[in-house]
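A.B. asks: sequence first, predicted coordinates after that:
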Amino acid sequence: MNRIRATVAGIESSENLHRLSLSAGDQIFTVITLELADDYTVGAPVEIRFKPAHVALAKEISGEISIANRVQATVLEMQSGKILVDMLLESSVGAFYALTTVEAVKRMRLAVGDSVTALMKASDLYLAKTDVS
Amino acid sequence: MNMVFASLKKKLEGADGAFMLETEVEIAGGGITAIAGPSGSGKTTFLRMLSGLTSPDGGSLEVDGETWFRGEIGKTPQVNMKPQQRKAGVVFQGYALFPHMSVLGNLLYASRDRDMAEKLLQMVGLRQLRHARPANLSGGQKQRVALARALMQQPRILLLDEPLSALDERMKVLLQDKLLEINRDLGVTILLVTHDSSEMYRLCDRVLLFEKGRIAADASPRKLFVERETTQKFAFKGEILEIRAVDAVYIAVVAIGNNLVEVVIDSDEKEDLQAGDSVIVGTKAFNPTVRKFAAKDFDVSRL
């Protein structure tokens, strides 16, 4: 599970559906979630969590894309299986993992040291209070 | 609006020795409160103390401003109303109907108010069966008779000890609707012992969770059940049966109730997890799909 420390910067609500803006370093993340506990308020420290399988990778991205969260990162490590590759990425908001396929790595000619854009959908991220392990 | 104030103490014998049942609780009138918790935590004794079937060692019990019990530990209570003096209707899991009396006879035994009996039989949908004997009724019908009988004396509080637990799913839902109707139309305050989380969610505005004689949690069902530690809404407690490495990931087999699920976990999560661990399996409310149960799906409730 990937974790990025952040602070709640804004909350927009429609009934019990919420769109949160979160700031982590120079980066603004967007998270869409149902029902929020009372202590998720603007200024609250939280952890953004997401599974490595929910991270898409792009190289030299151009054009418009609907995915809200984009993080510039560098490939630090690659652990390859027959079908999947577990990649460790380094970014200004910390290190995190991305799970992708061997096929995608070959097609994109990805290697350790490469610059990539990590893409995460707002509905794939969730939040935890920072005092929770 | 009536109101229950119960500050009661009673020493109980548990499986691991004696413990004190201690409640300090106010229940506003008109609602449905769930009494939950493991066996032997004091739930039934709490209801029995409210109804007068069991005497507390000490404390006080007031309902609607009227004192039903007041006493000090080790002394004869100053006030201890008999069960029949208390305006409390009681329904337990066993039906306890008089077998030699008709449905109507069972109701009229509680109070000779014929109009009330007809009204209640209408309410629980048993008017056609008013002359039937209990032996000829189904479990759901018997429980409805017990419910109607408990309401004959127009109680201020209705005490229900797992009244629906022996019924099948369809009958359960029907009787839950009846309880909501009774609560709404008669305004009677209901206390309901139940272990069924969907029952608490459907019926109750408050859950008192008993643990070893104490009220360990007091919250609305929504607050109690919806996972609060993270924003994940789809979270279940389970136990890891095994973790195995597959390709560049790990697969954990987790038992959730009677269901077995497989979850892909990453090396970081795998670090502090092993077979036998109690875990919370969660995902966001956006991820699960929902479809109708089909005949070809395996129903674990068959196990």
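C.D. replies: Done, it's in.
A.B. asks: quick one, strands of chain A?
C.D. replies: For chain A, the strands defined by DSSP state E occupy A:2-14, A:17-24, A:27-34, A:45-50, A:56-58, A:69-80, A:84-91, A:94-101, A:115-120, A:126-129.
A.B. asks: what sits against the residue nearest to residue A:48 when sequence neighbours are not counted?
C.D. replies: Closest residue to residue A:48 apart from its sequence neighbours, by CB to CB, 6 or more residues apart in numbering or on different chains: residue A:4 at 4.5 Å. Any C-beta I mention is one placed from the backbone N, CA and C, and that applies to glycine too. Listed by CB atoms under 8 Å, 6 or more residues apart in numbering or on different chains, the contact set of residue A:4 reads A:24, A:29, A:47, A:48, A:49, A:93, A:94, A:96.
A.B. asks: hang on, the earlier thing: right, and the strands of chain A - which one's nearest residue B:219?
C.D. replies: strand A:126-129 (17.8 Å; CB to CB).
A.B. asks: touching chain B at all, that closest one?
C.D. replies: Yes - Strand A:126-129 is in contact with chain B by CB under 8 Å from any CB of the partner chain, via A:126, A:127, A:128, A:129.
A.B. asks: check contacts around the nearest residue to the second one once chain neighbours are set aside.
C.D. replies: The one in question is residue A:127. Leaving aside its sequence neighbours, residue A:127 sits nearest to residue B:231 (CB to CB, 6+ apart; 4.4 Å). Going by CB under 8 Å, 6+ apart, residue B:231 touches A:31, A:33, A:34, A:35, A:36, A:37, A:40, A:126, A:127, A:128, B:284.
A.B. asks: closest one to residue B:196 out of these, please.
C.D. replies: Nearest to residue B:196 out of these is residue A:35 (CB to CB; 22.4 Å).
A.B. asks: skipping adjacent residues, who's closest to the closest one in space?
C.D. replies: In space, and not counting its chain neighbours, residue A:35 is closest to residue A:16: 4.8 Å by CB to CB, 6+ apart.
A.B. asks: how near is the one you found to residue B:231?
C.D. replies: Distance, residue A:16 to residue B:231, by CB to CB, to the nearest Å: 12 Å.
A.B. asks: overlap in contacts, the two.
C.D. replies: A:34, A:35.
A.B. asks: wait, a helix at residue B:154?
C.D. replies: No - looking at residue B:154 with DSSP: H, G, I helix; E, B strand; the rest coil, it is coil, so not inside a helix.
A.B. asks: got the phi and psi for it?
C.D. replies: In terms of degrees, to the nearest 10, the main-chain angles of residue B:154 are phi 50, psi 60.
A.B. asks: what's the burial count for it?
C.D. replies: 12 (other CB atoms under 10 Å in any protein chain shown).
A.B. asks: again, but for the one 5 residues further on
C.D. replies: For residue B:159, the tally of surrounding residues (other CB under 10 Å) stands at 26.
A.B. asks: return the residues in contact with it.
C.D. replies: B:47, B:50, B:51, B:88, B:89, B:90, B:91, B:191.
A.B. asks: packing partners of the helix or strand the last one falls within?
C.D. replies: Following DSSP states H and E, one finds residue B:191 within strand B:189-193. Strand B:189-193 is packed against strand B:17-28, strand B:32-36, helix B:43-51, strand B:157-161, helix B:169-186, with contacts defined by 3 or more CB pairs under 8 Å, 6 or more residues apart in numbering or on different chains; DSSP states H and E.
A.B. asks: now the last one: buried residues?
C.D. replies: Think helix B:169-186. B:171, B:172, B:175, B:176, B:178, B:179, B:182, B:183, B:186 (16 or more other CB atoms under 10 Å in any protein chain shown).
A.B. asks: how about the contacts made by residue B:146?
C.D. replies: Applying CB under 8 Å, 6+ apart to residue B:146 gives the contacts B:91, B:95, B:96, B:97, B:163.
A.B. asks: nearest residue to the middle of chain A?
C.D. replies: Chain A has residue A:120 as the residue nearest its centroid, 4.8 Å off, counting by CA atoms, centre = their mean.
A.B. asks: leaving out the residues flanking it, which one is nearest to that residue?
C.D. replies: residue A:69 (4.2 Å).
A.B. asks: any idea how far that neighbour is from chain B?
C.D. replies: Distance check for residue A:69 against chain B: by CB to the nearest CB, to the nearest Å, it reads 14 Å.
A.B. asks: need the pLDDT of that residue.
C.D. replies: Reported pLDDT at residue A:69 in the predicted model: 97.
A.B. asks: show me what stretch B:285-292 is in contact with.
C.D. replies: A:32, A:33, A:34, A:123, A:124, B:232, B:233, B:234.
A.B. asks: please repeat the previous calculation with a cut-off of 6 Å.
C.D. replies: For stretch B:285-292, contacts defined as CB atoms under 6 Å, 6 or more residues apart in numbering or on different chains pick out A:34, A:123, B:233, B:234.
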